[in-house]
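Visitor: just a sequence and a predicted model for now, questions to come.
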Amino acid sequence: MTDSDVVPEQAAAAFGVTHHENVIGTPKILSDGGPETIRFIDQDGHRIRNEVNLPYDKYVDALTEEDGRRLYRDMALIRRFDAEGTALQRQGELGLWPGLLGQEAAQVGIGRAMRPQDYAFPSYREHGVAWCRDVDPVNLLGMFRGVNNGGWDPNEKNFHLYTIVIGNQALHAVGYAMGVQRDGAVGTGDPDRDTAVVTFFGDGATSQGDINESFVFAAVNQSPIVFFCQNNQWAISEPNERQTRIPLYQRARGFGFPGVRVDGNDVLATYAVSMHALDEARSGQGPFLIEAYTYRMGAHTTSDDPTKYRDSAELDIWRERDPLLRLKSFLLSLHETEQAFFDEVDREADELAARIRTACQEMPDPPHSQMFDRVYVEPHAGLEKERDEFVAYQAGFEGEGN
Amino acid sequence: MTTTASSTGTRLTLAKGITAGLRRAMENDPKVLVMGEDVGRLGGVFRVTEGLQKDFGEDRVIDTPLAESGIVGTAIGLALRGYRPVVEIQFDGFVYPAFDHITSQVAKMYARSLGHVTLPMVIRIPCGGGIGAVEHHSESNESYFLHSAGLRVVACSNAEDSYWMIQQAVATDDPVIFFEPKRRYHDKMVVDTSASAAPRGLYEAVVARPGEHVTVACYGPMVKTCLQAAEAAGQEGTSIEVVDLRGLNPLDTETLFASVRKTGRLVVVHEASQFLGFGAEISAQVTQECFYHLEAPVLRVTGYSTPYPASKLEELFLPDLDRVLDGVDRALAY
């Protein structure tokens, strides 16, 4: 069925219903992921204990309520940052912004499960992971403002540059993980040495050859890598049904490593499953695929108009599965967290937004030399000649029009 | 190694020059890795990596899955982790699945990271035709890589160069596309492999045969053809200067322009198709910089602008001695 066939009645019927398995031909986008989905908090904020999440229980049980508040704070600040990114684009300060609205729990869960020595290879929407890696969010704006093409030092926080060509980063991540193996930084039992690599991609990317090749290379090398697929249901205008006939997490089995589906809007679940997968990778058990079942609540980017291809009823359903609301309900149910905490986070978010806005507006245009200076590490006479011609040409305008 | 020591050096084929050069690079730097299809146990389909896995182990000489995008993509990751991968693409025509990574990532990583990240990797590509191969095994695709800023591109033409150039390429902090003329793999020469032998710069062009009347610029597999043409022409009184370009990007314009200013005539020879082949760039640069020295327009003797033909036709497609001499005659006729 097409998207326009999704009527509110169907949407309501699908909401909250436990499906057996997603079957092609039904509105999968409205499902909550099916019975195999690992979930710790239900939509009303209640803790779930069942067979599916039992193997990951210990990671959630180890969390304090303070940890829960920290996760909430991360998600709230990132949401505010993301909203500011969209606003800055609308006001002409950024050329483009890829929003992460709705995917905060997916990103913060794994972001907070990673250790300092672990390495992240993002696509271009991983603002929440960057936040958890302590990358200054201002850095993320540069490429969308057109002052650079990334530009931060990936090795400072072990967070690689955003990668726009869909799927490329997964192979880079696997190669990096192969390097980790050669450095003997896996399976030593030393928690500060053993290293996992995480690569991020979406449901659309799973159709790319690079993702499939990265699965092959990781599997045959038993590399310490976690493939983190944020299935946000939409690859611009194309729903999951245009990419796959089976749930994405099941693809891992064909390549020879474990794969699970986790509720991407439940931060406790994404955290717990990520902790497990990262432990497996660091200890030498090889690759692991996590499909974080979530929803892109906004447009693909600020250039996109989702009203052209999806029904607003769908958005209404996923709005009720909002990752922040869910964790907030859970925290409130524990009785130790008071409204004052949420007020304080809101205040902090406003501060962050103001800082981002100012930093973005004050971001200087790059010097002309940036174009020529770092094309090659070593001298290149031909390019230097072109640069000299450029400089001489530009110098001809000096003093004009001032 | 199938080499014979002599008083002045070691007799090596072009292929074994690379083997020996790789071996030395791996001995000198434990971060140097070799990876590709069949490069380990088999030693590569051309045996260029023969014996390396036995001596350096499976972690350093990696038999990869059969996926070129995967090979180059993972090599990027290894380089990001601090390794210096040397990737073997099995045949020229199989590099295209990796083209995305080479042009989108390898070429641009240093620039897009504002200098924070380097990718010191070498991508070896056996290139060119003339071996009667089936489709996709005889291509000369250097223009694609020459047109991608951020890559360095070199082509070796003999064993001495293959031995030294591969070591220099591995030591380079920029990514290098390393073209190997597969039909010259078995050509032998005596190479001084001693540490004291000072190699030429990696991108330095060399006057392979001095001459007076016309310059012939070439690289890779065509150097031998052009030297043979020069020998034949010499017997008839025409003095051809053969310039082996070696470095294609960067191009050693100094050596090339000096030769053209001396002879006043230039014929560029390559196997690759003419339209937008490297000859076009050379022609433009020489016309601009040597205009008042030129006695004739720059001419090109190249493969035709067709898909590489079936092997029964390849002799007609590829420049040979007679076509080079025809080009020389036309240049001299102006």
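Guide: Right, received. Where do you want to start? Numbering: from 1, shown residues only, chains lettered A, B, ... in the order given.
Visitor: would you agree residue A:77 falls within a helix?
Guide: Yes. Counting by DSSP: H, G, I helix; E, B strand; the rest coil, residue A:77 is found in a helix.
Visitor: pretty sure it contacts residue A:131?
Guide: Yes. Using C-beta atoms under 8 Å, residue A:77 is in contact with residue A:131, at 7.0 Å. C-beta here means a position set from N, CA and C on the backbone, and glycine is covered the same way.
Visitor: got the contact list for residue A:266?
Guide: Neighbour list for residue A:266: A:39-41, A:105, A:323, A:326-327 [criterion: C-beta atoms under 8 Å, 6 or more residues apart in numbering or on different chains].
Visitor: so the residue of chain B at minimum distance from chain A: helix, strand or coil?
Guide: In chain B, the residue that lies nearest chain A is residue B:77 (2.2 Å; C-beta to the nearest C-beta). State at residue B:77, reduced to three classes by three-state DSSP: helix.
Visitor: got the phi and psi for the residue nearest the centre of chain A?
Guide: By C-alpha atoms, centre = their mean, chain A has its centre lying nearest to residue A:126, at 3.7 Å. Backbone torsions of residue A:126, given as degrees, to the nearest 10, read phi -90, psi 50.
Visitor: before we move on, the earlier item: give me the pLDDT for the closest residue in space to the residue of chain B closest to chain A that isn't next to it in sequence.
Guide: Setting aside the residues directly before and after it, residue B:77 is nearest to residue A:175 in space (C-beta to C-beta, 6 or more residues apart in numbering or on different chains), at 2.2 Å. Per-residue confidence at residue A:175 stands at 98 (pLDDT).
Visitor: circling back to that earlier point, looking at residue A:77 and residue A:131, which one has more neighbours?
Guide: residue A:131 (25 against 22; other C-beta atoms under 10 Å in any protein chain shown).
Visitor: that older thread, so the residue nearest to the centre of chain A touches residue A:106, yeah?
Guide: No. At 9.7 Å, residue A:126 does not count as touching residue A:106 under the criterion of C-beta under 8 Å.
Visitor: give me the element residue B:165 is part of.
Guide: If you go by DSSP states H and E, residue B:165 is part of helix B:159-171.
Visitor: list the helices and strands that helix packs on?
Guide: Packed against helix B:159-171, as judged by 3 or more C-beta pairs under 8 Å, 6 or more residues apart in numbering or on different chains; DSSP states H and E, are the following elements: strand B:10-13, helix B:14-28, strand B:84-88, strand B:122-127, strand B:152-155, strand B:176-181, strand B:188-191.
Visitor: what angle do it and strand B:122-127 make?
Guide: 150 degrees (axes from the mean of the first three to the mean of the last three C-alpha atoms, to 10 degrees).
Visitor: measure how helix B:159-171 sits relative to strand B:84-88, angle-wise.
Guide: Using the same axes, to 10 degrees, helix B:159-171 lies at 130 degrees relative to strand B:84-88.
Visitor: what angle sits between helix B:159-171 and strand B:176-181?
Guide: Counting by the same axes, to 10 degrees, helix B:159-171 lies at 160 degrees to strand B:176-181.
Visitor: can you list the buried residues in helix B:159-171?
Guide: Of all the residues in helix B:159-171, those buried under the rule 16 or more other C-beta atoms under 10 Å in any protein chain shown are B:159-171.
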